[in-house]
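Participant: A structural model of the following input is requested.
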Amino acid sequence: MDLVLMGSTSKHGGPDADVVVDFMHAVQAVLATADETFGVEALESGLEHALAIVQKNPESRGRFESEVIALIDSPREGVVELVSFLMHELRWEAIREAVSEGISHPRGDISNIRLYEAMLDAFSDSWRDRDLYRRFF
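Facilitator: All right, here's what the predicted structure looks like:
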């Protein structure tokens, strides 16, 4: 079974499809762990793995951004931690804009604004949750 990525599959996703599939597998593992556990300690190795894939494949940034934005549009358990961790390190403007859009023009559950605010905070050097992760001690 192929992993569906933004309307395509790994067989039809282009030259960077394999790394994007790897990234999405890492993302899904983080989200599954978040569903099963409490606290970020259990998530950190998966978050590091997802970040490493992105950092090793800068040519696929546009695809990675699209996948992260799709997650932001429907936040679930683990998405805030994933986006915050990645973006504290990467600081991608397209992601900042998508998160800001969720605050300015909320769709669906209005309580998601708090989740968007938490993600946006990660773009700051003084991100309040940075001490939860070993990488940012």
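Participant: how far is stretch 126-133 from where the chain is centred?
Facilitator: What separates the centre of stretch 126-133 from the centre of its chain is 16 Å, taken as Cα atoms, centre = their mean, to the nearest Å.
Participant: same check, this time on stretch 54-73
Facilitator: 8 Å.
Participant: pLDDT weak spots in the protein?
Facilitator: For the chain, residues meeting the criterion pLDDT under 70 lie at 1-16.
Participant: quick one, helices of it?
Facilitator: In the chain, the segments counted as helices under DSSP state H are 17-36, 44-56, 61-73, 79-90, 93-104, 112-121.
Participant: the spatially most central residue of the chain and residue 31: what is the separation?
Facilitator: Nearest to the mean C-alpha position of the chain, by Cα atoms, centre = their mean, lies residue 83 at 3.4 Å. Applying Cβ to Cβ, to the nearest Å, the value for residue 83 to residue 31 is 11 Å. Every C-beta, even on glycine, is put in place using the N, C-alpha and C of the backbone.
Participant: circling back to that earlier point, which of the helices of the chain sits closest to residue 131?
Facilitator: helix 79-90 (11.5 Å; Cβ to Cβ).
Participant: any residues touching the closest one, and which ones?
Facilitator: Helix 79-90 has contacts (Cβ atoms under 8 Å, 6 or more residues apart in numbering) with 27, 30-31, 34, 40, 43, 47, 50-51, 54, 68, 71-72, 95-96, 99, 115, 118-119, 121-123, 127, 129-130, 133, 135-136.
Participant: kindly report the same for stretch 64-71.
Facilitator: By Cβ under 8 Å, 6+ apart, the surrounding residues in contact with stretch 64-71 are 5-6, 20, 23-24, 27, 54, 57, 79, 82-83, 86, 92, 94-95, 98.
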